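Asker: Pasting the sequence and the predicted coordinates here, then a few questions.
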Amino acid sequence: MHELMPDDPGPPDGLIFDGAAGALRVRLLSPEGQLREEKTLELRGSCDELADAVATLAVTWRSRLQSQNVAPPVLLVPPLAQEFEAPEAAPVRAPSLFELSLGLQTVSGIKRWAPGFLLGVQMPLHGAFNLGLTLDFSAPRVAFANDLRWSWMQVALVAAPSYRMAIRDLYMDTMLGLGTGFNITLNSAEQLPGRRSRLVPPTVVGGARWTYWRASASPWFGINLSVQLDPQLASPVEGTNVPPERWVMGVALGGTLGLDGDR
């Protein structure tokens, strides 16, 4: 509590305000608890405007008290007045120097799908911009061609800058970058003599990831779309007519860990 005029003698009156439905009730009580003045204010305008209205009432009532030679009132704030305090801002977590992300995903194109495993590192560039590197290991894919069953897996590396936005308890990272890798054929040597891997053409990769950073493991959900740039796509298995896929879409779940101990 704070006296409006602490140098004045005598026991002070109490200036009390509390909440009502859609309003703020302001009362002036004598030292004995008797009601001297009361006013109900509508909750309109900003907090500063409401505070000015309360102060205006206090000055008006104070001028009346001076004519009665009564000590200045003391401001008493009951617990109900806490309802009108500004809500505490959500804490902002400082960015880590490096973020390590692990995740499981499933990707699907026009003809086939496969599960996969993601391992990524993200580091800050400037402000909300970051740079991420992601290794994508896919499970074996299967297709039938040349009267044989072919299986292969893809290992890809994606480098992509991203932009981070904070949405309450979530971080949203949007990214656009380039990727490439290898298709590793898993058939036996009798079925496929010679080379057993093929370079993946350059790929444009775009996507978004939402991270719940308040949890210790920082779980995240992400989506991405990969489009190969080569206008004449070759088969993923060399020497066969296994049809290639120009685009694939992926959905992933995982967790992020800050590596510098700030989180």
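Answerer: Sure thing, it's come through. Residues are numbered from 1 along each chain as shown.
Asker: okay, CA-based contacts and neighbour counts for the rest of this
Answerer: OK.
Asker: Kindly provide the whole-number mean pLDDT of the longest strand along the chain.
Answerer: In the chain, taking DSSP state E as the definition, the longest strand is strand 148-167. Taken as a whole, strand 148-167 carries a mean pLDDT of 91.
Asker: who does that strand pair up with?
Answerer: Applying DSSP bridges, strand 148-167 is found paired with strand 129-138 (antiparallel), strand 141-145 (antiparallel), strand 170-185 (antiparallel).
Asker: would you turn these into TSV with mean neighbour count, mean pLDDT and distance to residue 249?
Answerer: Formatted as TSV, the strands paired with strand 148-167 follow (neighbours: other CA atoms under 10 Å; pLDDT from 0 to 100; distance: least, CA to CA, whole Å):
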stretch	mean neighbour count	mean pLDDT	distance to residue 249
strand 129-138	19	94	13
strand 141-145	14	86	15
strand 170-185	19	93	14
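Asker: if we compare those, which one ends up closest to residue 64?
Answerer: Across the strands paired with strand 148-167, residue 64 has its closest neighbour in strand 170-185 (54.0 Å, CA to CA).
Asker: Past that closest one, which element shows up next along the chain?
Answerer: Per DSSP states H and E, the first helix or strand lying C-terminal to strand 170-185 is strand 197-212.
Asker: Please enumerate the strands of the stretch 1-150 of the chain.
Answerer: Along the stretch 1-150 of the chain, counting by DSSP state E, counting those that start in this stretch, strands occupy 14-20, 23-29, 35-42, 74-76, 99-108, 113-126, 129-138, 141-145, 148-167.
Asker: any weak-confidence spans in this structure?
Answerer: Within the chain, the stretches with pLDDT under 70 are 1-12, 19-22, 45, 65-96, 188-195, 260-263.
Asker: Break it into its domains for me.
Answerer: With domains defined by automatic domain parsing, the chain comprises 14-84, 99-258.
Asker: There's contact between residue 121 and residue 97 in this structure, I believe.
Answerer: No. If you go by CA atoms under 8 Å, residue 121 and residue 97 don't touch, sitting 10.4 Å apart.
Asker: which of the two has more neighbours?
Answerer: Between residue 121 and residue 97, residue 121 has the larger neighbour count (other CA atoms under 10 Å), namely 19 against 14.
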